[in-house]
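[1] Sequence first, predicted model second:
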Amino acid sequence: MPTLTVDGVEVTVDPGTTVLQACEEAGAEIPRFCYHERLSIAGNCRMCLVEMEKSPKLIASCAMPAGDGMVIHTNSQKVKEGREGAMEFLLINHPLDCPICDQGGECDLQDQSMAYGSGTSRYHELKRSVAEKNMGPLIKTTMTRCIHCTRCVRFATEVAGVEDLGAINRGENMEIATYLEQALDSELSGNIIDLCPVGALTSKPYAFTARPWELTKTESIDALDAVGANIRVDSRGQEVMRILPRLHEDVNEEWLSDRSRFSYDGLKAQRLDTPYLRKDGKLQAVGWNEAFDAIAAKLDGLDGGKIGAIAGDIACAESMKALKDLMDLLNSPNIDCRQDGAALTTETRSGYLFNSTIAGIEEADALLIVGSNPRHEAALINARIRKRWKMGNFPIALIGEQMDLGYGHEYLGAGPATLAEVAAGKHSFAKILKKAKRPMIIAGQGALNRADSAAVLALTKKIADDFGLLSDDWNGFNILHTAAARVAGLDLGLVPGEGGKAVKEMLDGSLDVLFLLGADEIDTSRLETSFVIYQGSHGDAGASVADVILPGAAYTEKDAIWVNTEGRPQLGRRAIFPPGEAREDWTILRALSEKIGKTLPYNTILELRAKMVETAPHFADIDVVTPAPWGAFGAEGAIEESAFVNPITDYYLTNPISRSSRIMAECSTTFSKVKREGTGTNG
């Protein structure tokens with residue numbers, strides 16, 4: 001291991017460490033624009049210059065491997081002059097339009113020019129001007145500001161797997177652009193906004209709306225998919241102005257998917273902000289007492305078997321626990337959190353988790369994807385798979401719909417017949433799984449929302465049992481969820497009790513009263529004979545058929561727990577208050593329970609969470625993945641011949657919030673047009 005001296009401090013680093021990284025380990029601050037620890041080294045900006053003894057000139061520390069015996073100086077006069085020169089060249093063509101730039105206050109160029117620049121310029125010639133580029137509805141370009149660090153190009157190519165972005169021309173004519181002058185078609189494109197160290201790439205929806213020092217910053221959790229990305233919600237007053245990723249190495253690293261980043265305008269559109277009651281066939285605004293009285297009158301004397309409840313895909317754990325307890329007090333076994341009908345049961349927790357963990361993908365050495373498109377269902381997990389694929393020696397196979405996942409893979413077949421071949425050891429990929437030391441299987445909802453899903457689940461379990469996916473320190477069996485609420489719902493027992501009805505049976509008109517807790521991904525046309533109580537934040541499909549509407553809080557408007565697909569409980573924080581008369585969901589259910597004479601046994605959120613821990617002890621361990629013991633799940637049975645069909649048909653419109661978003665609607669239109677023309681990367 002090389003040992004070197006940095007500004008008089010001796011430091012020992014791992015082989016392959018760069019001088020820049022060694023300097024930082026020694027406590028020295030090294031400026032940089034092009035270098036990023038998650039991207040390949042480019043060595044473009046030369047701001048990271050340091051002095052190495054016995055070297056005739058300054059070295060670019062980001063591109064120089066640390067060597068044994070090196071003596072490095074990071075603050076000598078020679079280094080100071082070198083950095084001032086590099087900064088002077090970087091600013092030669094920069095427009096210096098900081099007052100109107102959205103990067104103002106968060107700009108690396110501003111900060112480093114103040115810290116390392118000379119404060120004057122000797123350049124008096126005309127500045128270069130570069131035409132703006134159309135990168136779609138999400139990314140605003142001002143390419144005259146670009147300093148050619150190529151972070152955006154490297155991210156698109158290396159992390160997102162979209163080779164649409166690059167440098168064209170040479171020398172002073174070089175420009176960063178999409179090669180075919182079209183929108184950048186990637187589910188992770190917004191991350192290049194964070195990566196851009198100047199104001200060349202900024203958020204188009206956020207443009208000219210706020211300054212960073214005006215915003216209140218709240219750390220929270222994304223609830224628009226099941227990854228559980230850590231986010232920062234920036235708000236001003238009662239409005240969410242933008243959503244940014246937060247660093248969490250084991251979940252989302254420092255990336256965020258476009259839907260999670262840009263759906264925020266849907267938080268203020270089509271909101272339910274007062275209770276409604278259907279009178280004479282029309283929904284009319286009423287007070288909370290009148291809405292509760294109507295529900296109480298309907299429930300009075302009603303048999304529990306005639307009452308049902310369905311929890312939606314964005315529901316928080318607290319609201320689902322309150323709903324489950326209320327249904328228990330009403331003696332109703334009819335409750336379900338699986339809107340899509342997936343045959344996942346609660347007996348064995350490992351049977352519905354991403355057991356390898358998201359970070360564990362990097363330790364796998366073979367992967368079989370079944371009935372899933374992780375690029376649309378969990379873009380951040382797909383990026384992690386690509387990261388592992390780029391390391392090499394990682395064979396990937398797909399059973400299901402053919403698609404471009406952003407990395408090389410072998411297409412095995414379209415349906416469960418191919419899966420049965422692999423399970424029986426008759427397929428060539430079975431040998432690859434058998435030979436691998438840490439093989440993985442990812443089963444998506446496209447394989448689990450079918451009539452034969454229990455049999456499909458049994459086949460995937462057989463593969464896990466027979467092909468070495470299980471060992472003392474490894475569980476390669478993974479379920480990839482698309483709903484943020486699904487794992488917590490299963491943990492808390494939101495499945496039909498003895499003799500209870502699942503979602504499909506609850507929609508057949510046999511129930512007199514049906515609670516919908518943000519449940520919108522169901523066939524609402526079958527609810528004409530039931531008295532429907534809809535509790536949610538947006539006027540989506542469920543609200544349109546409701547007899548009573550109880551306005552709830554969106555995920556940015558409450559303190560709540562979500563459990564991601566790997567079983568990690570995470571705490572979301574309230575950034576703003578719900579609009580109008582809307583309230584946090586569990587408090588609505590608590591107030592309703594008192595009105596109908598079935599009072600829930602908790603008055604505060606801490607008391608409610610204590611009850612959650614009694615039901616599922618892992619809720620006490622926030623941000624910890626508790627390994628689940630292996631057990632029996634799935635069921636032997638006949639499998640259908642029909643191919644697996646992925647559940648997400650439009651990545652941008654998967655939930656009530658994104659469907660209410662003008663930004664997401666524009667993305668849906670833009671990128672569906674790209675695909676129709678056959679030039680998109682999704683095929």
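    Thanks, I have the structure now.
[2] Helices along the stretch 401-550 of the chain, start to end?
    For the stretch 401-550 of the chain, the helices defined by DSSP state H, counting those that start in this stretch occupy 416-423, 428-435, 445-448, 453-466, 486-491, 503-506, 541-544.
[3] Need these in JSON lines (columns: mean neighbour count, distance to residue 577 and mean pLDDT).
    Just so you know, the C-beta spots here come from the backbone N, C-alpha and C atoms, and that holds for glycine as well. JSON lines is the format used below for the helices of the stretch 401-550 of the chain (neighbours: other CB atoms under 10 Å; distance: least, CB to CB, whole Å; pLDDT from 0 to 100):
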{"stretch": "helix 416-423", "mean neighbour count": "22", "distance to residue 577": "48", "mean pLDDT": "93"}
{"stretch": "helix 428-435", "mean neighbour count": "16", "distance to residue 577": "51", "mean pLDDT": "93"}
{"stretch": "helix 445-448", "mean neighbour count": "28", "distance to residue 577": "34", "mean pLDDT": "94"}
{"stretch": "helix 453-466", "mean neighbour count": "22", "distance to residue 577": "40", "mean pLDDT": "93"}
{"stretch": "helix 486-491", "mean neighbour count": "28", "distance to residue 577": "23", "mean pLDDT": "96"}
{"stretch": "helix 503-506", "mean neighbour count": "20", "distance to residue 577": "32", "mean pLDDT": "93"}
{"stretch": "helix 541-544", "mean neighbour count": "21", "distance to residue 577": "21", "mean pLDDT": "92"}
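[4] Which one of those helices lies nearest to residue 240?
    Residue 240 lies closest, by CB to CB, to one member of the helices of the stretch 401-550 of the chain: helix 541-544, at 21.1 Å.
[5] Any idea how far that closest one is from the middle of the chain?
    Per CA atoms, centre = their mean, to the nearest Å, the displacement of helix 541-544 from the mean C-alpha position of its chain is 25 Å.
[6] picking up where we left off before, can you check which of the helices of the stretch 401-550 of the chain gets nearest to residue 290?
    helix 541-544 (17.4 Å).
[7] who does that closest one touch, helix- and strand-wise?
    On a contact count with 3 or more CB pairs under 8 Å, 6 or more residues apart in numbering; DSSP states H and E, helix 541-544 meets strand 531-536.
[8] What separation do you get for the residue lying closest to residue 485 once chain neighbours are set aside and residue 507?
    Counting by CB to CB, 6 or more residues apart in numbering, residue 485 lies nearest to residue 315, which is 4.3 Å off, once chain neighbours are set aside. As judged by CB to CB, to the nearest Å, residue 315 and residue 507 stand 18 Å apart.
[9] With residue 471 instead?
    42 Å.
[10] residues in contact with the lowest-mean-pLDDT helix or strand in the chain?
    Lowest by mean pLDDT, DSSP states H and E among the helices and strands of the chain is helix 662-676, with a mean of 82. The contact list for helix 662-676, computed with CB atoms under 8 Å, 6 or more residues apart in numbering, reads 136-138, 182-183, 185, 205, 258-259, 262-263, 265-266, 269, 650-653, 658-659, 680, 682-683.
[11] Just the buried ones from those residues?
    136-138, 182-183, 185, 205, 258-259, 262-263, 265-266, 651-653, 658-659, 680, 682 (16 or more other CB atoms under 10 Å).
[12] Compare neighbour counts for residue 315 and residue 507 and give me the winner.
    Set residue 315 next to residue 507 and count neighbours by other CB atoms under 10 Å: residue 315 wins out with 30 against 20.
[13] residues touching the more buried one, list them.
    323, 337, 485, 489, 517, 518, 585.
[14] so how many other residues sit close to the last one?
    Meaning residue 585. Residue 585, neighbours per other CB under 10 Å, totals 27.
[15] What distance do you get for it to residue 312?
    From residue 585 over to residue 312 (counting by CB to CB), the distance is 10 Å.
[16] How about the first one?
    Distance, residue 323 to residue 312, using CB to CB: 11 Å.
[17] Export the least confident helix or strand of the chain to CSV, keeping only CA atoms.
    Only the C-alpha atoms of helix 662-676 are listed here, as CSV (Å, rounded to 0.1, in the frame of the first residue of the first chain):
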residue,chain,number,x,y,z
ARG,A,662,-48.2,19.0,-16.0
ILE,A,663,-44.4,18.3,-16.2
MET,A,664,-45.0,14.5,-16.3
ALA,A,665,-47.8,14.9,-18.8
GLU,A,666,-45.3,16.8,-21.1
CYS,A,667,-42.7,14.1,-20.6
SER,A,668,-45.2,11.4,-21.4
THR,A,669,-46.1,13.1,-24.7
THR,A,670,-42.5,14.0,-25.6
PHE,A,671,-40.9,10.5,-25.0
SER,A,672,-43.8,8.5,-26.3
LYS,A,673,-43.3,10.5,-29.6
VAL,A,674,-39.6,9.6,-29.5
LYS,A,675,-40.5,5.9,-29.2
ARG,A,676,-43.1,6.1,-32.0
